[in-house]
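A.B. asks: Predicted model and sequence follow; I will ask about them next.
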Amino acid sequence: MNIEPLKKLYKGFYIPAPTGNNAFSFEIRLNKRIYVAPLVEGTPADLRPGSRIAFSEVEDGVEKNDVGLEKFIYYRHKNTDVFIFDNHNHAFFFWMAAYLQNELQPGAKLIHVDMHSDMYSPSAPFALSLRRDFTLEEVFNYTQRILTVSSFIKPALQMGFFSDVEIIDSTLSFENMIPERYVLDIDMDIFTKEMDYIGYDVKMDKIRAYIARAEFITIATSPFFMNQEKAIQLVQKFFEHSRIQSDI
C-alpha cells in the first residue's frame with residue numbers, strides 16, 4: 001500500500017477545537033487540545049509511547065490526560081497491511097484509504113476484538129457512499145472532526161463497506177469460528193484488568209490466529225484505557241509467532 005498520501009495528512013498535529021475525540025468533557029477540562037501522531041512505515045518494534053496528550057476526559061470529577069503513541073505505524077506483515085495507532089477512530093480513515101487504493105474491497109465481515117462495542121452513532125453521518133467518488137481529504141476531515149473512539153464502526157456499516165460486524169468481547173465469543181473473509185480490528189483494552197476473566201493465552205492465541213488470515217488489520221493502543229508501554233509490548237507479542245490455527 002502506498003502510504004505517502006496518508007503521511008501528508010498524518011504528519012503530527014493538534015486538535016484544539018471541541019470536535020471528534022477532543023469534544024469529551026471539553027468545557028470543564030483544563031487541557032484543551034489533543035495530539036494526533038504522524039504516520040510512518042515501520043514494524044511493531046518501532047512503537048514507542050509518546051509524550052503528548054492524545055486523549056483527555058473528566059471521569060468521576062477527575063481530569064485524565066493520557067499520552068498516546070509517539071508515531072503511528074504502517075507495517076506490511078506477510079502480505080497483509082497493518083496500521084497501529086492510539087485512538088480507535090483512526091481505523092475508519094485507514095479502511096477508507098485502503099479502499100481508495102483498491103487494496104481493500106467492500107463486503108468482508110469486520111472482526112472487532114474490543115472491551116467495548118464502539119457501536120455509537122456519530123454526531124453527523126458520513127455523507128459519502130461507495131456509489132460515488134470521495135477523496136482522502138474528506139475521509140480525513142470526517143475522521144478527525146466527527147468520529148470518536150466509540151462511533152467509527154456504524155458509518156462503515158451504513159455505507160455497506162462491511163457485510164456485518166462480529167464483536168469479540170467475551171469468553172464465548174473468543175470460541176467463535178474464524179470466518180472465511182474478514183477485516184480484523186483490535187483494541188488493546190481487551191487486555192485490561194476488567195477483561196482478565198478471559199484467559200491471557202486464549203486471547204493471545206486467538207488474536208494471532210485472526211492475524212494470520214485477515215485481509216487487513218487495524219490495532220488501537222487505546223490510551224484512555226491502557227498503559228501505552230503495556231499495550232505496545234502486547235502488540236509486539238502478536239507478531240512474534242502469528243500463524244494459522246484452523247483448530248481455534
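C.D. replies: That came in fine, so what should we check first?
A.B. asks: who are the neighbours in contact with Cys146?
C.D. replies: Quick fix: residue 146 reads Ile, not Cys. The neighbours of Ile146, taking C-beta atoms under 8 Å, 6 or more residues apart in numbering as the test, are Thr19, Gly20, Pro122, Ser123, Ala124, Phe126. C-beta here means a position set from N, CA and C on the backbone, and glycine is covered the same way.
A.B. asks: Now it: phi and psi?
C.D. replies: Taking degrees, to the nearest 10, you get phi -110, psi -50 for the backbone angles of Ile146.
A.B. asks: Could you do Leu136 as well?
C.D. replies: Taking degrees, to the nearest 10 as the convention, Leu136 sits at phi -60, psi -40.
A.B. asks: Please report which of the contacts of Ile146 has the highest neighbour count.
C.D. replies: Gly20 (24 neighbours; other C-beta atoms under 10 Å).
A.B. asks: I'd say it and Asn89 touch.
C.D. replies: Yes - look at Gly20 against Asn89 with C-beta atoms under 8 Å: they come within range, at 6.8 Å.
A.B. asks: between these two, what contacts are shared?
C.D. replies: With C-beta under 8 Å, 6+ apart, Gly20 and Asn89 have common neighbours Thr143, Leu147, Thr148.
A.B. asks: Scan those and report the most crowded one.
C.D. replies: Leu147 leads the shared contacts of Gly20 and Asn89 on contacts (other C-beta under 10 Å) with 29 neighbours.
A.B. asks: re the thing from before, between the contacts of Ile146, which sits nearest Tyr74?
C.D. replies: Gly20 (21.3 Å; C-beta to C-beta).
A.B. asks: OK, contacts around the closest one?
C.D. replies: Contacts of Gly20 (C-beta under 8 Å, 6+ apart): Asn89, Thr143, Gln144, Arg145, Ile146, Leu147, Thr148.
A.B. asks: Report the separation between it and Val149.
C.D. replies: 9 Å (C-beta to C-beta, to the nearest Å).
A.B. asks: Common neighbours of the two, please.
C.D. replies: Any residue near both Gly20 and Val149 by C-beta under 8 Å, 6+ apart counts here, and that gives Asn89.
A.B. asks: biggest strand in this protein by residues?
C.D. replies: Looking across the chain with DSSP state E, the single longest strand is strand 49-59.
A.B. asks: Count residues in the vicinity of Ile217, would you?
C.D. replies: Neighbour count of Ile217, defined by other C-beta under 10 Å: 22.
A.B. asks: and it, what element?
C.D. replies: strand 216-220 (DSSP states H and E).
A.B. asks: Which other helices and strands does that strand contact?
C.D. replies: Other elements packing on strand 216-220 under the criterion 3 or more C-beta pairs under 8 Å, 6 or more residues apart in numbering; DSSP states H and E are strand 80-85, helix 90-100, strand 182-187.
A.B. asks: What ranges does this protein have for its helices?
C.D. replies: 4-9, 90-100, 136-145, 153-158, 200-213, 228-238 (DSSP state H).
A.B. asks: and the helices and strands packed on strand 216-220 as a markdown table, adding distance to Ala156, mean pLDDT and mean neighbour count?
C.D. replies: Converted to a markdown table, those look like this (distance: least, C-beta to C-beta, whole Å; pLDDT from 0 to 100; neighbours: other C-beta atoms under 10 Å):
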| stretch | distance to Ala156 | mean pLDDT | mean neighbour count |
| --- | --- | --- | --- |
| strand 80-85 | 15 | 98 | 24 |
| helix 90-100 | 6 | 97 | 24 |
| strand 182-187 | 9 | 98 | 25 |
